[in-house]
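Chemist: my questions concern the predicted model and sequence given below.
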Amino acid sequence: MKILTMVLSLLHIQWTMGSHCTETPIVREGVKATAPNCSLSCLDWRKLNINGVTKLSLESCRISQVINISQNSELIELNLMNNEFEQLPKNLLLNFENLKVLNVNGNPLKSIPLSIIQGVQVIFQCSCSVLKDLTENCNKAENCTQNFMENLNCNGANNFSVFNVSSFYSAECSRTNRISVYVLVPLLILGIGITICVVIKYSSKCNTNSSHSPNKRHSVSSLDHGQQRNPKSADDTYYLESDPACDIYLNEQPVYCNYTESVANPEDDVYIIPDK
């Protein structure tokens, strides 16, 4: 019972620590604020003391989640560079109505809401998954044009090169799709070829076995009337066999079956001539 109580207590402590975000220390320099040496996975926005701050940098804080985002009409620039965001809150701009620049470069983002891209200047890293999502959402949206996507830029892996989104997507992401096609199609053709070869080889083998194993009746009935039989020794005597394979009532060429037992009497010989 004591062990169970201890285990439950540890689980409660772990759940409590994991469900609450720790406070982030902020260093202010006039209207700018930074969070140096921060290391947290969850950011509680309400615990930030950023009144009057217009430029906030939370760079390299390992943040993957932001909770309790409150209204802030003073913030103009927000730097979330080199964190661990996979997605951004869709209501981000609803809380930061005067935000102009959002830097999310260096995050493993899988998508960026189109509303954020259209509302502010977003600095983000070029990624095929992000660009594909943006392109598809822009094609579906009534207020998004091709001209908008052509004027949109993203950063390269070295964080210095800037690429046009449309050009990067056409050059890199389409090439990736072509490489996949060039690899998969030959493999598919090779697999089909191997399958066809195996089927042909198996069919050939079956036909060969069938041709080398004729039945007894076929061998007997296919003999030519003028074909000379193999010579037999003088001691061999041939008689009609009484089993169905040598049925005397069949309208076929007389078949002489060899008895290996005692020799029959001459008067017991039976000869049958088929009707013509």
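Modeler: Everything's here; your move.

Chemist: now the strands for the protein?
Modeler: Secondary structure of the chain (DSSP state E): strands located at 27-29, 32-34, 42-44, 55-57, 65-67, 77-79, 101-103, 121-123, 153-155, 162-164, 238-239, 257-258.

Chemist: residues making contact with stretch 154-167?
Modeler: For stretch 154-167, contacts defined as CB atoms under 8 Å, 6 or more residues apart in numbering pick out 105-106, 123-127, 130-131, 134, 149-153, 168. (Glycine included, C-beta is placed from N, CA and C.)

Chemist: any idea how far residue 169 is from residue 103?
Modeler: Using CB to CB, to the nearest Å, we find residue 169 at a distance of 21 Å from residue 103.

Chemist: if you could redo that for residue 156, that was the one I meant.
Modeler: Using CB to CB, residue 156 is found at 15 Å from residue 103.

Chemist: what does residue 85 give?
Modeler: 11 Å.

Chemist: coming back round to it: now tabulate the strands of the chain in CSV and tack on mean pLDDT and mean neighbour count.
Modeler: Shown next, in CSV, are the strands of the chain (pLDDT from 0 to 100; neighbours: other CB atoms under 10 Å):
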stretch, mean pLDDT, mean neighbour count
strand 27-29, 90, 11
strand 32-34, 93, 17
strand 42-44, 89, 19
strand 55-57, 96, 20
strand 65-67, 90, 16
strand 77-79, 97, 19
strand 101-103, 97, 19
strand 121-123, 95, 17
strand 153-155, 94, 18
strand 162-164, 92, 15
strand 238-239, 47, 14
strand 257-258, 50, 11
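
Chemist: save these as JSON lines, and put in distance to residue 140 too.
Modeler: Formatted as JSON lines, those follow (distance: least, CB to CB, whole Å):
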{"stretch": "strand 27-29", "distance to residue 140": "42"}
{"stretch": "strand 32-34", "distance to residue 140": "38"}
{"stretch": "strand 42-44", "distance to residue 140": "31"}
{"stretch": "strand 55-57", "distance to residue 140": "33"}
{"stretch": "strand 65-67", "distance to residue 140": "27"}
{"stretch": "strand 77-79", "distance to residue 140": "27"}
{"stretch": "strand 101-103", "distance to residue 140": "23"}
{"stretch": "strand 121-123", "distance to residue 140": "19"}
{"stretch": "strand 153-155", "distance to residue 140": "20"}
{"stretch": "strand 162-164", "distance to residue 140": "21"}
{"stretch": "strand 238-239", "distance to residue 140": "92"}
{"stretch": "strand 257-258", "distance to residue 140": "87"}
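
Chemist: nearest to residue 197, of those strands?
Modeler: With CB to CB, the closest approach to residue 197 among these belongs to strand 257-258: 46.0 Å.

Chemist: dump stretch 151-168 to PDB, keeping only the CA atoms.
Modeler: Extracted in PDB, the C-alpha atoms of stretch 151-168 (Å, rounded to 0.1, in the frame of the first residue of the first chain):
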ATOM      1  CA  ASN A 151       6.400  38.000 -54.000                       C
ATOM      2  CA  LEU A 152       6.800  35.800 -50.900                       C
ATOM      3  CA  ASN A 153      10.300  34.900 -49.700                       C
ATOM      4  CA  CYS A 154      11.800  32.300 -47.500                       C
ATOM      5  CA  ASN A 155      15.300  31.700 -46.000                       C
ATOM      6  CA  GLY A 156      17.800  29.000 -47.000                       C
ATOM      7  CA  ALA A 157      19.400  26.600 -44.600                       C
ATOM      8  CA  ASN A 158      22.300  28.900 -44.000                       C
ATOM      9  CA  ASN A 159      19.900  31.600 -42.800                       C
ATOM     10  CA  PHE A 160      21.600  34.100 -45.200                       C
ATOM     11  CA  SER A 161      20.300  33.200 -48.600                       C
ATOM     12  CA  VAL A 162      16.800  34.400 -49.500                       C
ATOM     13  CA  PHE A 163      14.700  32.600 -52.100                       C
ATOM     14  CA  ASN A 164      11.500  33.300 -53.800                       C
ATOM     15  CA  VAL A 165       8.800  30.900 -52.600                       C
ATOM     16  CA  SER A 166       7.600  30.000 -56.100                       C
ATOM     17  CA  SER A 167      11.100  29.600 -57.600                       C
ATOM     18  CA  PHE A 168      12.300  27.500 -54.700                       C
END
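
Chemist: cheers, nothing more for now.
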